[in-house]
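In: For reference, the sequence and a predicted model appear below.
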Amino acid sequence: MAQGNIKRKPLVVGNWKMNTTADEAIELARSITTDIGAIIETDIVICPPFVWLSPIASVITNTSIKLGAQNLHWEDKGAYTGEISARMLKDVGCEYVIIGHSERRQYFGETDQSVNQKLKKAIDAELTPIVCLGESLQDREANRTNALITNQFNNDFEGFTDFEKVIIAYEPIWAIGTGKTATAEQAQEVHGLLRELLRQKTDGYNEVRILYGGSVKPKNAADLIAQPDINGFLVGGASLKAKDFKAIIKAVSGKD
Ligand code: PGA
């Protein structure tokens with residue numbers, strides 16, 4: 001798809017999941033910030049566990065790296081033991097929040113409906129949502145990928161119009177943490193479908209950034225980012241190694 005003058009600054013997001021002690025988290029954030037100051041062609045976000053958001057916010061002050069959270073609750077406050085509100089995330093310095101990661105869908109019962117509620121809350125709170133969707137191996141093998149992605153997209157974004165404020169992450173479940181990456185062609189096919197689904201919703205469809213996630217590593221980043229509708233990455237395992245995360249950022253930088 002021709003990109004013309006469209007500005008789609010690439011974005012690389014590190015999802016640390018439930019990893020790092022306090023010391024490890026600070027060390028990792030420090031190592032990521034080292035030498036990264038010069039990279040301005042790419043937006044960079046790190047999403048540490050909730051408990052380290054505040055110390056990490058201090059480490060990345062005055063750098064181009066932004067802070068994100070891995071989840072939020074859709075209510076403002078109240079009796080929701082163990083949950084974190086959008087306002088709390090804003091107060092601690094978050095600008096982004098991951099919503100509907102497949103691990104949350106799989107292990108914590110998140111549904112398209114809760115994703116939709118969280119998405120709307122994030123927008124209200126002026127957090128940028130990174131909405132994740134993707135198919136399982138069974139779905140792919142049964143040729144249900146396109147139908148499933150279309151369904152998730154329509155349900156996750158039901159009644160939603162603020163597409164210019166959203167990031168979408170395509171993460172095939174079979175590629176997450178498995179070392180199996182989707183080929184660049186497989187990923188582009190779904191990214192192309194998502195672009196088409198966006199086109200049906202908004203004139204600004206070409207400006208929405210669609211990230212790929214699932215075993216992104218320094219060695220496969222260049223191939224994937226060369227695809228026309230891949231605008232960055234959501235990185236799990238490799239974001240826990242500063243050297244690999246920075247290598248991925250470098251591979252992405254320069255794409256418009
Ligand atoms: P992975 O995780 O890079 O370890 O496969 C990606 C993700 O879950 O966001």
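Out: Sure, I can see it. Since we're looking at a predicted model, the values are computed, not measured.

In: Please count neighbours and contacts with C-alpha atoms only from this point.
Out: Will do.

In: Please name the nearest non-neighbouring residue to Leu240.
Out: Closest residue to Leu240 apart from its sequence neighbours, by C-alpha to C-alpha, 6 or more residues apart in numbering: Trp16 at 6.3 Å.

In: and the stretch 101-250 of the chain, which of its residues are near the ligand?
Out: Taking C-alpha under 6 Å from any ligand atom as the contact definition, the stretch 101-250 of the chain meets the ligand at 175-177, 213-216, 234-237.

In: May I see the residues you listed arranged in JSON lines, with pLDDT, secondary structure and neighbour count as well?
Out: Putting these into JSON lines (pLDDT from 0 to 100; DSSP: H, G, I helix; E, B strand; the rest coil; neighbours: other C-alpha atoms under 10 Å) gives the following:
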{"residue": "Ala175", "pLDDT": "91", "secondary structure": "helix", "neighbour count": "19"}
{"residue": "Ile176", "pLDDT": "89", "secondary structure": "coil", "neighbour count": "20"}
{"residue": "Gly177", "pLDDT": "84", "secondary structure": "coil", "neighbour count": "16"}
{"residue": "Gly213", "pLDDT": "96", "secondary structure": "strand", "neighbour count": "28"}
{"residue": "Gly214", "pLDDT": "95", "secondary structure": "coil", "neighbour count": "25"}
{"residue": "Ser215", "pLDDT": "93", "secondary structure": "coil", "neighbour count": "24"}
{"residue": "Val216", "pLDDT": "96", "secondary structure": "coil", "neighbour count": "28"}
{"residue": "Leu234", "pLDDT": "98", "secondary structure": "strand", "neighbour count": "27"}
{"residue": "Val235", "pLDDT": "98", "secondary structure": "strand", "neighbour count": "26"}
{"residue": "Gly236", "pLDDT": "97", "secondary structure": "coil", "neighbour count": "22"}
{"residue": "Gly237", "pLDDT": "97", "secondary structure": "helix", "neighbour count": "21"}
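
In: ok so, going back, now for the residue nearest to Leu240: which residues touch it?
Out: Residues near Trp16 by C-alpha atoms under 8 Å, 6 or more residues apart in numbering: 46-49, 236-237, 239-240.

In: ok, 7 Å please
Out: Remark: with contacts taken as C-alpha atoms under 7 Å, 6 or more residues apart in numbering, Trp16 is in contact with 47-49, 236, 239-240.

In: will you turn the residues of the stretch 101-250 of the chain next to the ligand into TSV that also has distance to Ile36?
Out: Output for these, formatted as TSV (distance: C-alpha to C-alpha, whole Å):
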residue	distance to Ile36
Ala175	28
Ile176	26
Gly177	25
Gly213	21
Gly214	23
Ser215	22
Val216	19
Leu234	18
Val235	17
Gly236	19
Gly237	19
